[in-house]
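>>> Predicted coordinates and the sequence they were generated for:
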Amino acid sequence: MGNKHGSLENMERERLIPSSLEQTYGVHEDDGEVKACGCFCLGSIRKKFKGLWSNLRAVVVNSWEVGRSDPRKVVFSAKLGLALALISFLIFWKEPLPDISEHSVWAILTVVVVFEFSIGATFSKGLNRGLGTLSAGGLALAMADIFTVGSLATFAKLYPTLKAYEYGFRVFTLTYCYIMASGYRTNEFMGTAVDRFLLIALGAGVGLLVNVGIYPIWAGEDLHNLVVKNFFNVANSLEGIINQYLNCVEYKRIPSKILNYQAYDDRLYTGYRSAVESTSQEDTLMGFAIWEPPHGRYKMYKYPWRNFVKVSGALRHCSFMVMALHGCILSEIQAPADRRRVFQDELQRVSTAGAKVLRELGNKVKKMEKLGSLNILDEVLKAAEDLQTKVDRKSYLLVDANSWEIGKPPIEFQDIQDISKTDDNDPFKYHGYHSFSEARLDLGTSRSPETTNLPFAATNGFHKSLTREFSFKPERMVIQDEGDTYKSASVLSLVTFTSLLIEFVARLGNLVVAFEELSETAKFKAPVAEGKVEEEEVCGFWGRFWRFVKPRDRNENLLA
């Protein structure tokens, strides 16, 4: 009895002590005694250090990859460090202006806040910070009402047309409150306002000088490259989707990220998604680009950056059709492979011609070159017209011809309102041949409740045909099952795919119009004649310096 009682206690103890606790603290049972091996053993410490080392190595590798993918980020980090080092010398400036050294932290903070990745963002924040400080200092000398000034500045910041100056209003409120608080304590309102403005101006000047003078990064150029990249991405997606559709390649399992429209590593998906999702990035870059002075290839004052965004919007309008085409591949109902092969050549031609138009426009935007004298849409429009003609000729393949119902309504239902009252399941209808394709398939053999024959006059030189007699019997009506319904829907999916592709071609016209407007407004150069080698345009000091010091080709030396 005692042994049984002891075994029950041991079982209860094992149930109460978790296995994870035994592994961590080394709790085990030996002849009824519980022993602890310590909180941390050498193996667990070694395992934790190994995990930390793996995480550290992963961070280093990822940082190296980020630097390799975009070296500008490394240059920007070095530029910010240089600007901070230069402005920090104010700390040692004791004479002749001791207040500058005392309040040098404002200059350092200005460099940190103003120094942005692109030149346009730096100009925007620098100007907003300077105007906010200057206006706040002047207003602090005129009136002392923190509640009124703070409320009005916050309300103005929320005004839609002043959204671009939101940072300036924030600096204005901060500076005004700082001057009022420090001036009340020292009774030196003027000195505080002047010192703060001078230090902010000095910090902004150092930041602008370093950012513009050393490997400048322009937001306008980033916007230009982004628009060009979207052209090629949409073209690649279009060709890939058409090829996958014609080859009847289907997803075994549709990724949930694609269904939820999240980022996913799929070539067809990421191509058009990058164009659709670039709206906010384009607006941000455009907001910074309008602050940038003329530079490089963009020598025009008030460069039409909004037209770049307009062209990208027209491209996005086309990419919606590409997204819908991809949705046909992802859908549950798929068209039969034999029906796809009927229109394979025409679909392939439209896809190739459409992608060619997108790539041609992308190259024109990249080179900042106008279109030639030839119509860029001729080939794709001809391909789309041939596809439409093929659809018209083979229309009997795109519907379930067995369910066609062509008939004249009874005399009592000649009015349209009366026709709408008829029942679709009413078998008392007249039927006949609807098209030549139906006649060839002998699908017009309809049933009539009357025993008399109804003449049908065929057009286009065909002979007259008569519907056959049929005595109506309700039990001979066939109810369409689910298989027939699925078959009809699968065939109609090919109609949807073809219609979306033709709609994509129609939207290309709006894209070409937007590009022509951009080329005229931005004064793109004339197209280069075929066979003529275009010289690479070198812009900026660093571009000319690299062209001077780079090793020349042997053939160039011989020609020189």
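Great, that's in hand.

>>> Run through the helices of the stretch 1-150 of the chain in chain order.
2-16, 19-25, 42-69, 71-87, 98-102, 105-114, 119-142, 146-157 (DSSP state H, counting those that start in this stretch).

>>> For the fourth one, buried residues please.
Spelled out, it's helix 71-87. 76, 79-80, 83-84, 87 (16 or more other CB atoms under 10 Å). In short, each C-beta sits where N, CA and C put it, glycine included.

>>> Let me see the domain layout of the chain.
2-61, 70-213, 219-399+491-529 (automatic domain parsing).

>>> What's the first helix or strand after the helix-or-strand element of the chain with minimal mean pLDDT?
Within the chain, confidence by mean pLDDT, DSSP states H and E is lowest for strand 465-466 among all helices and strands, at a mean of 34. Note on strand 465-466: by DSSP states H and E, the next helix or strand toward the C-terminus is helix 482-521.

>>> That next one packs against which elements?
Contact analysis of helix 482-521 by 3 or more CB pairs under 8 Å, 6 or more residues apart in numbering; DSSP states H and E lists helix 219-246, helix 305-330, helix 337-342, helix 344-367, helix 378-393 as its packing neighbours.

>>> Residue 196 is nearest to which of these?
helix 219-246 (28.6 Å; CB to CB).

>>> If you count neighbours, what's buried in the closest one?
In helix 219-246, counting by 16+ other CB under 10 Å, buried: 219-224, 226-228, 230-242, 244-246.

>>> one step back: what's the most distant pair in the buried residues of helix 71-87?
Most distant of the buried residues of helix 71-87, by CB to CB, are 76 and 87, 16.7 Å apart.

>>> Tell me the spacing between residue 43 and residue 49.
11 Å (CB to CB, to the nearest Å).

>>> How about residue 277?
Counting by CB to CB - residue 277 and residue 49 are separated by 41 Å.

>>> Tell me which of the two has more neighbours.
Between residue 277 and residue 49, counted using other CB atoms under 10 Å, residue 277 has the larger neighbour count: 14 against 10.

>>> average pLDDT across stretch 379-388?
Per-residue pLDDT over stretch 379-388 has a mean of 93.

>>> Buried residues of it, list them for me.
379-381, 383-384, 387-388.

>>> between the residues you listed, which is closest to residue 313?
For these, the nearest to residue 313 is residue 380 (20.4 Å; CB to CB).

>>> which residues touch the closest one?
Neighbouring residues of residue 380 by CB atoms under 8 Å, 6 or more residues apart in numbering: 350, 353-354, 356-357, 505, 508.

>>> What separation do you get for it and residue 497?
For residue 380, the distance to residue 497 - CB to CB - is 17 Å.

>>> which sections of this structure are below the confidence cut-off?
Where the chain drops to pLDDT under 70, the residues are 1-41, 94-99, 141, 183-189, 399-488, 529-560.

>>> Residue 92: how many residues sit nearby?
For residue 92, using other CB under 10 Å, the count is 8.

>>> Same check on the one 10 residues further on?
Residue crowding around residue 102 was assessed by other CB under 10 Å; the count is 13.

>>> what does the one 3 residues further on give?
A count of neighbours around residue 105, defined by other CB under 10 Å, yields 12.

>>> Next: residue 489.
Neighbours around residue 489, by other CB under 10 Å: 16.

>>> residues contacting it?
residue 333.

>>> Then residue 208?
114, 122-123, 126.

>>> In terms of helices and strands, where is it?
Under the assignment here (DSSP H and E), residue 208 is part of helix 189-213.

>>> Quick one: end-to-end length of stretch 213-227, please.
27 Å (CA to CA, to the nearest Å).

>>> Need the residues that contact it.
So stretch 213-227 is contacted by 72, 75-76, 79, 82, 117-121, 278, 281-282, 285-286, 288-289, 292, 295-296, 298, 303, 305, 308-309, 311-312, 315, 365-366, 540, 542 (CB under 8 Å, 6+ apart).

>>> Those residues, buried ones only, as a PyMOL selection?
Buried members of the contacts of stretch 213-227, defined by 16+ other CB under 10 Å, are picked up in PyMOL with:
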select buried, resi 76+79+117+118+119+120+121+278+282+285+286+288+289+292+295+298+303+305+308+309+311+312+315+365
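
>>> from what I can see residue 289 touches residue 123, true?
No - using CB atoms under 8 Å, residue 289 makes no contact with residue 123, being 10.3 Å away.

>>> Skipping adjacent residues, who's closest to residue 173 in space?
In space, and not counting its chain neighbours, residue 173 is closest to residue 153: 4.8 Å by CB to CB, 6 or more residues apart in numbering.

>>> go on, residue 92?
That would be residue 101: by CB to CB, 6+ apart, it lies 7.3 Å from residue 92.

>>> and if you look at residue 246?
Using CB to CB, 6+ apart, the closest residue to residue 246 is residue 344 (5.3 Å).

>>> Please tell me I have it right and the one you found contacts residue 247.
No - using CB under 8 Å, residue 344 is not in contact with residue 247; the gap is 9.6 Å.

>>> any idea how far the residue lying closest to residue 254 once chain neighbours are set aside lies from residue 489?
Distances taken as CB to CB, 6+ apart place residue 330 nearest to residue 254, at 5.5 Å, with adjacent residues excluded. Relative to residue 489, residue 330 is positioned 15 Å away (CB to CB).

>>> Kindly report the same for residue 279.
For residue 279 relative to residue 489 (CB to CB), the value is 34 Å.

>>> cool, and residue 154?
Residue 154 is 57 Å from residue 489, by CB to CB.

>>> With residue 355 instead?
Counting by CB to CB, the gap from residue 355 to residue 489 is 29 Å.

>>> What of residue 519?
Residue 519 is 45 Å from residue 489, by CB to CB.

>>> same deal with residue 344?
Applying CB to CB to residue 344 and residue 489 gives a distance of 21 Å.

>>> and what of residue 172?
Residue 172 sits 62 Å away from residue 489, taking CB to CB as the criterion.

>>> Please apply the same query to residue 247.
From residue 247 to residue 489 the distance is 22 Å (CB to CB).
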